[in-house]
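In: Could you work out the structure for the sequence below:
(one chain, ligands or ions: 1)
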Amino acid sequence: MGWNLEREMDFLEGVFDRHAGRVERVLEPCCGTGRHLVALAARGYDVAGYDLSPAMVDFARARLRSVGGRVWRGDMATFVPPGRFDAAWNPVNSIGYLLEDDDVSAHLECMGEVIRSGGIYVAQFSYGGEPADLARFGPWGNQGGGLSTTLLWEVVREDAAAKRSYQHCRITARRGRETRVIDEDHVLRYWTHEDVDRLVERSPFELDAVYWDNFEEFPREDYRIGDHGNLYHVFRRRSNQAGDAAARGARRGAARGGAKPRRR
Ligand SMILES: C[S@@+](CC[C@H](N)C(=O)[O-])C[C@H]1O[C@@H](n2cnc3c(N)ncnc32)[C@H](O)[C@@H]1O
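Out: Predicted coordinates for the structure are as follows:
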């Protein structure tokens, strides 16, 4: 079973049209291997991404060499990439690596600095309490260059009080007769509807729309829970005045003990 990346990119372009107007420059925090950056560059966008992992940065940079685009090393909680962007995209729950409220606020503030007024930040993530069938992803197969990989991802345990979701990823790689199994444990944020609304309210963004992972629009008035699976959230950068006022509020919160944004 594989994810249809081109269908997802069609959806994303539809979201750009509906929610941001003209989009030319796209940023991807947590870009990983750069699979979305490559797909977006092929569609004519000026792309840029960043990731915490130096190995991912090297890999994505090498991949983008033929299609263009920039990749930096950076941490979501502090990194302000150079340049201005019309839109940003952060799929598959990666924003959940920000575990503390202050880090989420600092990240939204960093993003508010680089996304133009009226631009959008599309973040895909699921809420705590996912039912077992949604909390298991895969097996997801991939093949290329004589290597075949299978990825299985699952939520192992959740702690709603501590707002943590303990997850496990198993990658099985086969080349010829050789098989290698890589097991990784990940700790992600346990999101709740209230937390998202509260953190976004004091950020330079507002929630403009939500979509199901089948790309249909999710009713805005509905209470969002784990049963809804991996939802795409469209956050719109408020006008400079409104966004800056919210960002000042978040900065005051950060000054009381949170992470500080850093421009490179
Ligand atoms: C599940 S992968 C997703 C990669 C990519 N967006 C994709 O869909 O293929 C999550 C990525 O987030 C990166 N990451 C984790 N915490 C991060 C942080 N605090 N700042 C930036 N990147 C981070 C990891 O290194 C990893 O590459």
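In: who's in contact with the residue of the chain found nearest the ligand?
Out: Nearest residue of the chain to the ligand, counting by CB to the nearest ligand atom: Gly32, 2.5 Å away. Any C-beta I mention is one placed from the backbone N, CA and C, and that applies to glycine too. Listed by CB atoms under 8 Å, 6 or more residues apart in numbering, the contact partners of Gly32 are Asp51, Ser53, Met56, Ala60, Ser94.
In: ok, and the closest non-adjacent residue to the residue minimising distance to the centre of the chain?
Out: Taking CA atoms, centre = their mean, the centroid of the chain lies closest to Asn90, which sits 2.2 Å from it. Nearest residue to Asn90, sequence neighbours excluded (CB to CB, 6 or more residues apart in numbering): Ala123, at 4.6 Å.
In: Is it correct that that neighbour is in contact with Leu231?
Out: No - contact between Ala123 and Leu231 fails when scored by CB atoms under 8 Å: they sit 9.3 Å apart.
In: Compare those two (neighbour count), which wins?
Out: Ala123 (25 against 18; other CB atoms under 10 Å).
In: any idea of the pLDDT on that one?
Out: Looking at Ala123, its pLDDT is 98.
In: give me the number of residues near the closest residue in space to Leu147 that isn't next to it in sequence?
Out: Residue nearest to Leu147 in three dimensions, not counting chain neighbours: Arg175, with 5.1 Å by CB to CB, 6+ apart. For Arg175, the count of nearby residues is 12 (other CB under 10 Å).
In: residues contacting Arg175?
Out: Neighbours of Arg175 in contact, by CB under 8 Å, 6+ apart: Gly146, Leu147, Ser148.
In: Now render those residues as a markdown table, adding pLDDT.
Out: Putting these into a markdown table (pLDDT from 0 to 100) gives the following:
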| residue | pLDDT |
| --- | --- |
| Gly146 | 91 |
| Leu147 | 92 |
| Ser148 | 94 |
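In: Setting the sequence-adjacent residues aside, check what's closest to Tyr50.
Out: The shortest distance from Tyr50 to any non-neighbouring residue, by CB to CB, 6+ apart, is to Gly74 (4.0 Å).
In: So that neighbour sits against Pro54, correct?
Out: No - the criterion here is CB under 8 Å, and Gly74 misses it with Pro54 at 11.0 Å.
In: any weak-confidence spans in the stretch 101-250 of the chain?
Out: Residues of the stretch 101-250 of the chain that meet the criterion pLDDT under 70 lie in 241-250.
In: quick one, strands of it?
Out: 115-125, 136-144, 147-159, 164-175, 178-189, 205-211, 217-218, 231-237 (DSSP state E, counting those that start in this stretch).
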